[in-house]
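>>> pasting the structure only:
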């Protein structure tokens, strides 16, 4: 398996194919319809970092970081997520993607990674715990999908202990 930077024109369709069943068949994502190729390409372009995992020249998963909040005081924190093709789960793909993503974010000066996991989703909770996320809290009955309410569990993990005042992230 190889991990590399995501390229909008090259990877948008494959990332969209991985993400579409998550949207249509699970409450893991609260989106109601899968984004098209151009929308996925725009998401890759606007991400702080977007990495893909490839095997035999096929994208089998991706992870990315986006802005945690818009206010300036949050600029050293990112929101992260990872998605893996259903045929390649339980092989450590998400762990490797996250490890590479965290290295990249750390090098760019980010200090905290945050993640939200809609419940129930024991696999994702386990992944985030294994990757060093501590529980921050749970929003109860916050997302309505598939005719029921879902909770969202939030966690965070440090990326770096850097001197204060912090330098601007790249």
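Here it is on my side, so go on. What you see is a predicted model, and the numbers here were worked out from it, not measured in a lab.
>>> how much space between the nearest residue to residue 141 once chain neighbours are set aside and residue 119?
Of all residues not flanking residue 141 in the chain, residue 149 sits nearest, at 3.9 Å (Cβ to Cβ, 6 or more residues apart in numbering). To be clear about C-beta, it is placed using only N, CA and C from the backbone, and glycine gets the same treatment. Residue 149 is 10 Å from residue 119, where distance means Cβ to Cβ, to the nearest Å.
>>> got it, and residue 109?
Distance of residue 109 to residue 119, given as Cβ to Cβ: 32 Å.
>>> biggest helix in the protein, by residue count?
Counting residues, the longest helix found in the chain (DSSP state H) is helix 8-25.
>>> hmm, who's touching that helix?
Helix 8-25 has contacts (Cβ atoms under 8 Å, 6 or more residues apart in numbering) with 6, 28-29, 31-38, 40-42, 44-45, 50, 52, 58-62, 83-86.
>>> Buried among the residues you listed? Make that a ChimeraX selection.
Buried residues within the contacts of helix 8-25, by 16 or more other Cβ atoms under 10 Å, are selected in ChimeraX with:
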select :6,28,29,34,35,40,41,44,50,52,59,60,61,62,83,84,85
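>>> quick one: which of the contacts of helix 8-25 sit in helices?
Among those, the members found in helices (DSSP H) are 37-38, 40-42, 44-45.
>>> May I see these organised as JSON lines, with pLDDT and distance to residue 74 added?
Formatted as JSON lines, those follow (pLDDT from 0 to 100; distance: Cβ to Cβ, whole Å):
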{"residue": "37", "pLDDT": "98", "distance to residue 74": "30"}
{"residue": "38", "pLDDT": "98", "distance to residue 74": "28"}
{"residue": "40", "pLDDT": "98", "distance to residue 74": "25"}
{"residue": "41", "pLDDT": "98", "distance to residue 74": "26"}
{"residue": "42", "pLDDT": "98", "distance to residue 74": "22"}
{"residue": "44", "pLDDT": "98", "distance to residue 74": "22"}
{"residue": "45", "pLDDT": "98", "distance to residue 74": "21"}
